[in-house]
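In: Next comes the sequence, and after it the predicted model I'd like to discuss.
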Amino acid sequence: MDIPVTDGSVCGGHQGATSWARARERARLLGEESGSPVRELPLGRALGGVLAGDLRALVGLPAFDASAMDGFAVAGPGPWGLVGTQLAGVPVAGLSLGAGEAVEIATGARVPKGTEAVLPYELAEVVEGRVRGEALPGRHVRWSGEETAPGETVLAAGTEVTPAVLGLAASLGHDALSVRLPTVTVLVTGDEIATNGLPGEGVVRDAIGPLLPGVVSWAGARLERVRTLGDGYEDLAEALTTARSDVVVVCGSSSKGPADHLRGVLGAMGARTVVDGVACRPGHPQLLAHVDVPADGSAGGTLFVGLPGNPNAALVASLTLLVPLLSAMSGRPDPSLGLGRFPLVGQVRARPDDACLVAVRLREGRAEAVGHDRPGSLRGAALAEAYAVLPPGWDGTGEVELLRLP
Ligand SMILES: Nc1nc2c(c(=O)[nH]1)N[C@H]1C(S)=C(S)[C@@H](COP(=O)(O)OP(=O)(O)OC[C@H]3O[C@@H](n4cnc5c(N)ncnc54)[C@H](O)[C@@H]3O)O[C@H]1N2
Ligand code: MOO
C-alpha cells in the first residue's frame, strides 16, 4: 500500500501528529486503495451498500398481462356476457375471452387471453349477466414488459442500495444483490465502562457504542458487532486478532496510560500506522493503521481505527478518520462534506497548532457555536448540525468550513 506512514511533523506539541486535513486525506486514500470486498447479500442485508454491477431485470415488469383496476376484463365491442371471475394469485390457465365476453377481475390478476381492455366497476353496469359500459381499447391493463423489458439494465453499478432499490430488485426477481458494503466491528475498551443502567461510583456509561452504528451506516458500511472489553492487553490482542470485519474500530486505549494497549497490540500484529495522532481538539490521540493481506492470501487485510475514549473526541475522530475511510471504501461521496463555509459567531477559542472542532447550529446564514462541546460531553454535538473546523491559528475572521454531523 502506498499511503505515506506518519510523517513525523510536530503539531501542537504532539510529536508526530498529522494535520487534521492531511489525516482526513490519508483516511480517504487508504479507503480508496483498500476498497470493499464485493459480497452477495440477501436483500434483507444489502441496504446501504453500493451495487457492484449493473442491476438487470430477471423478469419483465409487469411479468404478465394484469388488470390495473377492479372491474371487468372484456374482449370485442360490448355489451359483454359474463363468463367467469378472476382473482389475483389464482392461476388463469386456459381461460380466454372471445369477442363479446367478459370476466369479473381483481386489480393485479392476470387477464385472460384475448382481453382488450378492463372496464372499472365505476364505469360498468351489470344487468342480468351482461356488462355494459364504454371500454377504451388497451385501457386499465398493465401489459407484460411495458415498464421494463426482461434483461433490461435498470440501475448502473455504483448506485446506492436504498429502500426503493431493494423493492425494485425484488420486483425484478432478485433474492440477493452483489454489493460493496464494508463490515465493521467495534471494540469498546475500559474496566470502568458499563453498557446499561445507572452508572455507580467510578463507573461510566458507554456513550460511543450507541453512537457508532448510525455513524457507520451513514458512511455506507454495516456494523456487525459491538464488543465490550476490559483494559487488559490479552483481551484486546485476542479481540483484534480474531475480528473478521473489514474495519475494526477500537474506542479508548488510544492514549499513553498504563491501560492503553492499542499501539502495542497493533505493533505486535505487524500493523502499519498511517495516522498516529491528529493535530486537532478534541480527538488528538486518534489512530489509523492496517494489516495487509498475507502473501499466501490466507486471510483478508484489516483496517484499524482508534478513537479516543472521551465521547466528543470519539465523534470528532469518527468524522476525521472513520467516515472518510468507510465512504471511500465503497466509492461513495463523504456524507460529512458539502455544507460549505460560513461565518462563525459565539464563544470559541482557536489554538495556535491544532484545528479545533466546535459544535454549531446554522442560523440565518451563520454558524452559531452551541457550547457544551468539551471532549467528554456530547451535549453540544446533540444540539448541533455540524462541527465548525477552526484552522490552527485562526484569527476569528472570515468563514470556516463546516462538517455535517450524522
Ligand atoms: N499523558 C497523557 N494523557 C492523556 C493524553 C495525552 O496526550 N497524554 N490525552 C488525553 C486525551 S486528549 C484523551 S481524548 C484521552 C484518550 O484516552 P483513551 O483513548 O486512552 O481512553 P481512556 O483513557 O480509556 O478514557 C478517556 C476518558 O473517556 C472515558 N471513556 C472511555 N471510553 C468511554 C466510552 N465508551 N463511553 C464514555 N466514556 C468513555 C473514560 O472513562 C475517561 O474518562 O486521554 C487523555 N489523557
Ligand atoms: O483531544 Mo482529547 O481527544 O481532548 O479529548
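Out: Right, received. Where do you want to start? Ligands and ions are numbered 1, 2, ... in the order given.
In: pLDDT below threshold where in the stretch 301-406 of the chain?
Out: Residues of the stretch 301-406 of the chain meeting the criterion pLDDT under 70: none.
In: Would you mind extracting the C-alpha trace of stretch 80-100 into CSV?
Out: This file holds the C-alpha atoms of stretch 80-100, laid out as CSV (Å, rounded to 0.1, in the frame of the first residue of the first chain):
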residue,chain,number,x,y,z
TRP,A,80,-70.4,-8.5,-22.9
GLY,A,81,-71.6,-11.8,-21.5
LEU,A,82,-70.1,-12.6,-18.1
VAL,A,83,-68.3,-15.9,-18.3
GLY,A,84,-66.3,-16.0,-15.0
THR,A,85,-64.3,-14.4,-12.2
GLN,A,86,-60.5,-13.9,-12.0
LEU,A,87,-58.9,-13.1,-8.6
ALA,A,88,-55.2,-12.0,-8.2
GLY,A,89,-52.9,-15.0,-7.5
VAL,A,90,-55.3,-17.6,-8.9
PRO,A,91,-54.0,-19.4,-12.0
VAL,A,92,-55.8,-18.4,-15.2
ALA,A,93,-54.7,-21.4,-17.2
GLY,A,94,-56.8,-22.0,-20.3
LEU,A,95,-59.2,-19.1,-19.7
SER,A,96,-59.5,-16.9,-22.8
LEU,A,97,-62.1,-14.4,-23.9
GLY,A,98,-63.9,-14.3,-27.2
ALA,A,99,-65.4,-11.2,-28.7
GLY,A,100,-68.5,-10.1,-26.6
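In: Just the buried residues of that stretch, please?
Out: By 16 or more other CB atoms under 10 Å, the buried positions in stretch 80-100 come out as 80, 82-83, 86, 92, 95, 97. No exception for glycine: its C-beta is placed from N, CA and C like everyone else's.
In: repeat for stretch 219-238
Out: 219-223, 226, 228-229, 231, 235-237.
In: What is the nearest of the residues you listed to H174?
Out: Using CB to CB, R222 comes nearest to H174 of the buried residues of stretch 219-238, at 18.8 Å.
In: ok, back up a step: could you dump the buried residues of stretch 80-100 to CSV with distance to G200 and secondary structure?
Out: Below are the buried residues of stretch 80-100 laid out as CSV (distance: CB to CB, whole Å; DSSP: H, G, I helix; E, B strand; the rest coil):
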residue, distance to G200, secondary structure
W80, 79, strand
L82, 77, strand
V83, 78, strand
Q86, 68, strand
V92, 68, coil
L95, 73, coil
L97, 77, coil
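In: outside of stretch 206-217, which residues touch it?
Out: With CB atoms under 8 Å, 6 or more residues apart in numbering as the test, stretch 206-217 has contacts from 48, 184, 186, 188, 193-195, 222-223, 226, 228, 249, 251-252, 307, 309, 311, 314-315, 318-319, 322-323, 326, 378, 406.
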